[in-house]
Structures are given as C-alpha cells and as structure tokens.
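1. with the sequence up front, the predicted model follows.
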2 protein chains.
Amino acid sequence: MAPLPAKPAMKDRILETADRLFYLQGIRAVGVDTIAAEIGISKRTLYNHFPSKDALISAYLARRFVQPRPSDKSPVDQILDTFDALERRFAARDFRGCPFVNAVAELGGEDKSVRKIAIAFKESRRLWFRDLLVQLGAADPEGLATQLALLVDGSIAQDLVRNDPAMARAAKAAATVLLANAGVQVGGAAQKPQVKTR
Amino acid sequence: MAPLPAKPAMKDRILETADRLFYLQGIRAVGVDTIAAEIGISKRTLYNHFPSKDALISAYLARRFVQPRPSDKSPVDQILDTFDALERRFAARDFRGCPFVNAVAELGGEDKSVRKIAIAFKESRRLWFRDLLVQLGAADPEGLATQLALLVDGSIAQDLVRNDPAMARAAKAAATVLLANAGVQVGGAAQKPQVKTR
DNA sequence: TTTATATTACACAGACCTGTGTAATAGGGC
DNA sequence: GCCCTATTACACAGGTCTGTGTAATATAAA
C-alpha cells in the first residue's frame, strides 16, 4: 500500500533533461528526439511518461515554480540578498533569463496555460516582497513590492541580453534607494524623505 | 541619376508584414510562406528581396532599432514621458514585449548577430538616459541611467506576462524616487537625501 | 517459473519548414 | 511595336518536427 513505490526515476530524469535543454536552448528549439537521445532512452519511453510535448512543457514550468524558502534573516536582508543571489546566477554560464518570461515570449500570449503559470509565478514573487515590506512597516508595501519586482525582472532581461552581472548590482542600488525612501532602515541611517510619486 | 527610383514598395511591404508577424507570433513561429501569403505574393518574390530568413530577421530587428527623436521638452520631462509612452503601448492590444529581448530569448544566445543588435539597442537607450541625466546635473548619471533602463525593461517584461499597464506607472513612480534621490528636481520640491548605495 | 510491466528498436505517417529551379506572364519604359 | 525586369505558379528537394504502431526484449515481482 505504499503510495509511492519509490520508482519516479525515469520521469524525473526526463524532466531534468527537458528542463536543462528547454531553458538553455529554448522550448521550440529542442525536439523530443533530442531530449530522449540526451538521456539515452527511446522516444517511445518519453511518450509513455508524458502524453505530449505540451505536457512536458507544462511540467517543465511547474518544476521551475519554486517558492523562496523561509529564512531567519531580517526582512531587509532577505530583500537585498535577492539581488546578491541574482548576481551570482548572472555570473553562472548557464543563466539564460527568466524561464517564464522566455516561455511567454517564444510561445506567444495565445498559449493560455503557459501565461497562467507565468502570471502566478510573478505574482507569488511580488507577494513575497510585499509580505517582507509589511513586516518592515514600509510605506505603500503593495506599490513598493511591484517596483522591486520590476527591478528583478529588469535586471534579468538586461543580463539576458548583455551578460553583465553588474545589472544585479544596479538593481540592488536602486532597491536600496526605494527602501530608504519608504522609511526602511537599510544600511546607514534611516531617512524618511517620502518623495511624492504622483 | 536619381539615386532612389522611388520603387522600394515591395521590399517595404515584406518588411512591414514580417515585422508584424514576427513580433506578434514569434520569429520561429512564423514561416516565410505565411509572410508571403499574408501579403499576397509568391514565396519566390520574397526570396528575390531577401536571400534568407535570417536576413529577414536581421532586417526586422534593424527596423526596430529606432532612436528617440530629439525633443524640446525639459530633460526630466523626457525621462518621465518615457514611462507614459510605455503605459500607452502596454494598453495597446498588439504589444508583446521588447522585440530584442524576445529575439534573444527564442533564438538563444548563440546567434551572434541577434545578440549584437540587441546589446546595441539596450546600450543606446541607456546612453539616451545618461545624456539627459548629465544635462540635469544628476548624481552618478551612469549608474542612474542603468537603473532607469532596468525599470523600463522590468516593466516591459512584467507587462508581457501580466498584460497590466500599471507596471509602467509603477516604474515611473520608482524612477521619480530615484531621480529625486539624485538631486533632480522633479515635480515637487527638490531634495538631496543621497542615500548611500553601498 | 510465470506474469506483469517497462523499455527498446524502428518504421512511418503527416505536417511543416527553408530554399531552389523553371517556365510562363505581366507591366512599364523606349 | 520591343525589351527588360519583376512577379507568378508550382513542383520539389531535403530537412525537421510531433506522435503512433508494433513486435521483440529486458526486468522485477509473485
């Protein structure tokens, strides 16, 4: 009666490989034959685990949808660490932008399920920022969370094109200013300039 | 001896149509047959004007590389108007992100010429920001120009996924704060808080 | 061993793609 | 009229892609 007979090996291997190839080379650019050949299995086996390439694409994106794990660091450190982590990922040779943005870009807005999971991912990241900002007592946590998300996605898009990890540092610098302006004590002394934005 | 016999009609029509289809549906998703059929010409005619699809792709991206025209508005208005223009484009139904970012995302970083023109475009926009910031006497115009570019690309990526023109307003609000922090007088009174960013 | 399941090799259908070859045709300038 | 160029229709080569059908084979549990 074991619900999982501990035999998810093949399906996981397929997913891992599809993830790597889809992400690095693009979804349309990678055929199922290529994925199967890379693992060393037959195409038939792949289709025994996933009914179609679309199903594999969905599973790929679902696998990429990971929530940031809880941290015991201070909220402001968690926010700023985001940009340090980005910089590290930019420096890695296998970084190729945001898989959700890339999927929407290459599959088109018509693909409903892809857009849906991409929206869900972006919103979950925004809410993660927002909750931390609420803990910090920042002014307008909703708006500021959106702005931080813009900086994240902006640096990702810029790095995708330019291959320049400095984009993450620029985003962090901007985030620092925005946080300080919202009354969050960041590194140095606290300020409350509250520039009016409209 | 007229250098241009005023007969660029066909080539332009091909480019216009390729631009629209490539941008809206993706480059890989649109075949040359589709483009020719959309114009109502034969595929042979298309290949008489462009030697390959790659050439058409390059021409498409080159056509998208437009410099912002000179304006007599104040530099700060030019900067902030950028985000208003973005919001208007987001609201249009035919907006589908940045064509350069999309091209790099779907064609992969291996395609040298595509990446090259994408980098050139991003850098030209950053320099446009930078020159305006120099005119304004802003602190650290280089860094701030990069940050503004991040906000532009971030809002574009977010809108591509979410279809939400409010992303442009959020970017504008963030830009306003960053400008004020750099000592630029924006709408209300000037401030010089100068949050230290490292 | 027997039985059930997973996997394999391999061919193939049907579609789509880029790019070319060719001979007929249209249309404007002289 | 004549000539030149652009365009057309159309077939086709050669490639890739997704997805299926099938019969043989491995593997592991009973």
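-> Now that the structure is in, tell me what you want to look at.
2. so residue A:66 versus DNA strand D, what's the distance?
-> Residue A:66 sits 25 Å away from DNA strand D, going by CB to the nearest atom of the strand, to the nearest Å. C-beta: built from backbone N, CA, C; applies to glycine.
3. hmm, I typed the wrong one, I wanted residue A:172.
-> With distances taken as CB to the nearest atom of the strand, residue A:172 is found 39 Å from DNA strand D.
4. pLDDT score for that residue?
-> pLDDT, residue A:172: 98.
5. ok, it touching residue A:81?
-> No: taking contacts as CB atoms under 8 Å, residue A:172 lies outside contact range of residue A:81: 9.5 Å.
6. of the two, who's got more company?
-> Ranked by neighbour count (other CB atoms under 10 Å in any protein chain shown), residue A:172 and residue A:81 place residue A:172 first, with 22 against 15.
7. tell me the pLDDT of the closest residue to chain B within chain A.
-> Here chain A gets closest to chain B at one residue, residue A:154, 2.9 Å apart by CB to the nearest CB. The model reports residue A:154 with a pLDDT of 98.
8. now residue A:110: which helix or strand?
-> Assessed by DSSP states H and E, residue A:110 sits outside every helix and strand.
9. residue A:42: neighbour count?
-> For residue A:42, the number of neighbouring residues by other CB under 10 Å comes to 12.
10. so where is chain A shaky, pLDDT-wise?
-> A:1-8, A:188-198 (pLDDT under 70).
11. near DNA strand C, which residues of it are found?
-> By the rule CB under 7 Å from any atom of the strand, the part of chain A lying against DNA strand C is A:10, A:40-45, A:48-49.
12. measure the residue of chain A closest to chain B to residue A:175 for me?
-> For residue A:154, the distance to residue A:175 (CB to CB, to the nearest Å) stands at 11 Å.
13. compare the two (neighbour count), which wins?
-> residue A:154 (29 against 26).
14. the more buried one touches residue B:146, doesn't it?
-> No: between residue A:154 and residue B:146 there is no contact, the gap being 9.7 Å when judged by CB under 8 Å.
15. report the set of residues contacting both of the two.
-> residue A:167 (CB atoms under 8 Å, 6 or more residues apart in numbering or on different chains).
16. can you map out the helices along chain A?
-> Counting by DSSP state H, chain A has helices at residues A:9-25, A:32-39, A:43-49, A:53-64, A:75-91, A:99-107, A:112-136, A:141-162, A:166-181.
17. put the alpha carbons of stretch A:29-42 into PDB.
-> What follows is stretch A:29-42 as a C-alpha-only set of coordinates in PDB (Å, rounded to 0.1, in the frame of the first residue of the first chain):
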ATOM      1  CA  ALA A  29      14.400  24.700 -30.500                       C
ATOM      2  CA  VAL A  30      14.500  21.400 -28.600                       C
ATOM      3  CA  GLY A  31      12.700  18.400 -30.000                       C
ATOM      4  CA  VAL A  32      11.600  15.400 -28.100                       C
ATOM      5  CA  ASP A  33      14.000  13.300 -30.100                       C
ATOM      6  CA  THR A  34      16.800  15.400 -28.800                       C
ATOM      7  CA  ILE A  35      15.700  15.000 -25.200                       C
ATOM      8  CA  ALA A  36      15.400  11.300 -25.500                       C
ATOM      9  CA  ALA A  37      18.700  10.900 -27.200                       C
ATOM     10  CA  GLU A  38      20.400  13.100 -24.500                       C
ATOM     11  CA  ILE A  39      19.100  10.700 -21.800                       C
ATOM     12  CA  GLY A  40      19.800   7.600 -23.900                       C
ATOM     13  CA  ILE A  41      16.300   6.400 -23.900                       C
ATOM     14  CA  SER A  42      13.900   5.800 -26.800                       C
END
